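Participant: pasting the sequence and the predicted coordinates here, then a few questions.
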Amino acid sequence: MGDHHLELQVAWQRHVAAPLDRFERLLGRHREKHRRYHGVDHVAWVVRHVEELVRECEHVTESGRLGASAIDVDAAIAAAFYHDAVYEPRSPALANERASARLARKDLVLLGWDPERADRVGSMIEATATHLEPVDLTSAVLFDADLGVLAADPSGYGDYVRNVRAEYAHVDDADWRAGRADVLRSFLERPAIYATEPGRRWWEQRARANITTELSSIADR
């Protein structure tokens, strides 16, 4: 049992809960056969990116800017685990995020989390439908961690695009190109793709380059 299992188990027990029954069930969801991008590898990278962003925020001391003490790291990691727990590409908009949030709220309360805190995790997961206007630094960290793939090296970005396309194999090429182009333009139209200072510093330029290249390739077809 590879695919980051031990790494994720350690993160789960450190940040979410000691019992592993729901962890194993959750990873089972992420191993569903129809997932090509939104699987265990993606969860592992989002968890890693959350940890990287939190560590970097510890060094941000500029006046008026929130530091790592404002981040609920456990909540961000829990949201990373659950944000794609339900992933059905044929589902209507927002349905996956809402179902994933419901599962997170239920599981976290059963694992002993305060209901209000579990609800905050659910709200963060629902907000990953757009990755817009994070309500706090914890949400900003989660959003940036989830979008870190946009700044991958060209090979990694190409793998990401191909795998997401495979998840939407039921969509014909013309509709896929139109929908994908709309998504890519929406990112480029934002003042910033990333919501945290480290995210912008590390990833903004490369993400915009990747997106621009992909958009040009769509227009050329």
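Facilitator: Looks like it came in fine. Residues are numbered from 1 along each chain as shown.

Participant: give me the number of residues near E197?
Facilitator: For E197, the count of nearby residues is 18 (other CB atoms under 10 Å). All C-beta atoms are positioned from the backbone trio N, CA, C, and that covers glycine.

Participant: let me see the confidence value for it.
Facilitator: Here the pLDDT value assigned to E197 is 93.

Participant: now do the contacts for the residue nearest the centre of the chain.
Facilitator: Closest residue to the average C-alpha location of the chain: D146 at 2.6 Å, with CA atoms, centre = their mean. Shown in contact with D146 (CB atoms under 8 Å, 6 or more residues apart in numbering): 46, 49, 80, 83, 128, 131.

Participant: what would these look like in CSV with neighbour count, distance to E214 and secondary structure?
Facilitator: Listed next are those as CSV, based on neighbours: other CB atoms under 10 Å; distance: CB to CB, whole Å; DSSP: H, G, I helix; E, B strand; the rest coil:
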residue, neighbour count, distance to E214, secondary structure
V46, 25, 21, helix
H49, 24, 21, helix
A80, 31, 25, helix
H83, 28, 23, coil
T128, 22, 21, coil
H131, 19, 17, coil
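
Participant: which residue ranges form the helices in this structure?
Facilitator: 5-15, 21-30, 40-57, 73-82, 95-110, 115-127, 137-146, 154-167, 173-188, 197-219 (DSSP state H).

Participant: turn those helices into JSON lines, columns for distance to P89.
Facilitator: Below are the helices of the chain laid out as JSON lines (distance: least, CB to CB, whole Å):
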{"stretch": "helix 5-15", "distance to P89": "23"}
{"stretch": "helix 21-30", "distance to P89": "14"}
{"stretch": "helix 40-57", "distance to P89": "14"}
{"stretch": "helix 73-82", "distance to P89": "18"}
{"stretch": "helix 95-110", "distance to P89": "8"}
{"stretch": "helix 115-127", "distance to P89": "17"}
{"stretch": "helix 137-146", "distance to P89": "17"}
{"stretch": "helix 154-167", "distance to P89": "5"}
{"stretch": "helix 173-188", "distance to P89": "11"}
{"stretch": "helix 197-219", "distance to P89": "19"}
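
Participant: what residue ranges in this structure score low on pLDDT?
Facilitator: 1-2, 59-69, 221 (pLDDT under 70).
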